[in-house]
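>>> Please find the sequence and the predicted model below.
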Amino acid sequence: PMNRPSRTRYLVVALIATGAISLYITRHVFAVTNELIQDDLLIGSTAMGRVMGLFSLGYLLFQVPGGWLGNKLGARSGLTALSVVWSLLTLATAFVHSLLPLEIVRFLFGAAQAGFVPITAKIIKDWFPEKQLGITSAFVGISMSVGGALAMDVTGRLSNQFDWRVIFQMYSLVGIFWSLVFVLLFRSKPRAHP
C-alpha cells in the first residue's frame, strides 16, 4: 500500500536528492570561477552580470516547459534528458572563447536546469503518500544546499590546482554519471518498478 515505507521509496529519495546535489554543483561552479572566466575572456563586470542574468532568464522561461516535458516523456526520461543536456552545456562552457557563446550557453544551461524542480515535484507526488510530501520535499531542498556548499568548497580548492576550463570539464561528468544511475534504477511510477 501507498502508506507503507519501503526501501524503494528510500532509493527514490536518494536518487532525487543526489540529482539536486548534481544540479547545484554544476550551477554554482560558475559563481566560484566567474572572475577567472572574466580574466580569461576579457569580460567586464557589467557583461558578466548579464551572463549571470541570462542563466536566470532561461531558468524562469523554461520552468513550465520543463514540467510539460516531465509530463510528456515521463519523469524518468525527462529528468535523464535534462541532466544530460545541462552536463553537456557544462562541458560546452569549458570551450567558449568569447562573450556571445558564453551568454548562449548560460541561457541554455538555465533552461535545461529549470525542469528539475517541477519534475521532482511530480516524482514526489507520484511516489509518496500525502503525509510524507513535506518531509520528502525538504530532503530535496537540503540536498540543493549541500550541492551548493560542496560546489563552493570543492571548486575553490580545485581552482588552486586546475584551469577553470578543466574544472568545468570535470563537473560535466557529475550529471552524466547521475543520469546513468537514475535511468537504471528509477521508474516514473511505483507500479512500473520491479
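Arrived safely, thanks for sending.
>>> pLDDT at Ser143, what is it?
Looking at Ser143, its pLDDT reads 93.
>>> What are the neighbouring residues in contact with Asp126?
By C-beta atoms under 8 Å, 6 or more residues apart in numbering, the residues touching Asp126 are Ala75, Ser188, Lys189, Pro190. Backbone N, C-alpha and C define where each C-beta goes, glycine included.
>>> Excluding chain neighbours, what is closest to the last one?
The one in question is Pro190. Trp127 (5.9 Å; C-beta to C-beta, 6 or more residues apart in numbering).
>>> burial of the one you found, as a residue count?
25 (other C-beta atoms under 10 Å).
>>> now do the one 4 residues further on
Lys131 has 8 neighbouring residues, counting by other C-beta under 10 Å.
>>> OK, contacts around the residue nearest to Pro190?
Trp127 makes contacts with Arg9, Val12, Pro190, as judged by C-beta under 8 Å, 6+ apart.
>>> Please check the residues you listed and keep the buried ones.
Arg9, Val12 (16 or more other C-beta atoms under 10 Å).
>>> in this protein, which spans are helices?
All helices of the chain, identified by DSSP state H, fall at 7-41, 45-61, 63-73, 75-93, 99-113, 116-127, 133-159, 164-185.
>>> Low-confidence stretches in this structure?
Across the chain, residues meeting the criterion (pLDDT under 70) sit at 1-5, 194.
>>> Recalculate using a threshold of 80.
1-6, 191-194 (pLDDT under 80).
>>> Can you tell me the centre-most residue of it?
Leu23 (2.2 Å; C-alpha atoms, centre = their mean).
>>> Quickly note the distance from it to Ala112.
Per C-beta to C-beta, to the nearest Å, Leu23 is found 10 Å from Ala112.
>>> what sits in contact with each of these two?
By C-beta under 8 Å, 6+ apart, the residues touching both Leu23 and Ala112 are Trp86.
>>> which residues does Phe139 contact?
Here Phe139 is in contact with Val13, Ala17 (criterion: C-beta under 8 Å, 6+ apart).
>>> how much space between it and Leu54?
From Phe139 across to Leu54, the span is 30 Å (C-beta to C-beta).
>>> show me what contacts the nearest residue to Ile124 once chain neighbours are set aside?
Excluding its sequence neighbours, the residue lying closest to Ile124 (C-beta to C-beta, 6+ apart) is Thr136, at 5.0 Å. Neighbouring residues of Thr136 by C-beta under 8 Å, 6+ apart: Val13, Ile124, Phe128.
>>> same thing but 10 Å
Arg9, Val12, Val13, Ile16, Ala17, Thr120, Ile123, Ile124, Lys125, Trp127, Phe128, Pro129 (C-beta atoms under 10 Å, 6 or more residues apart in numbering).
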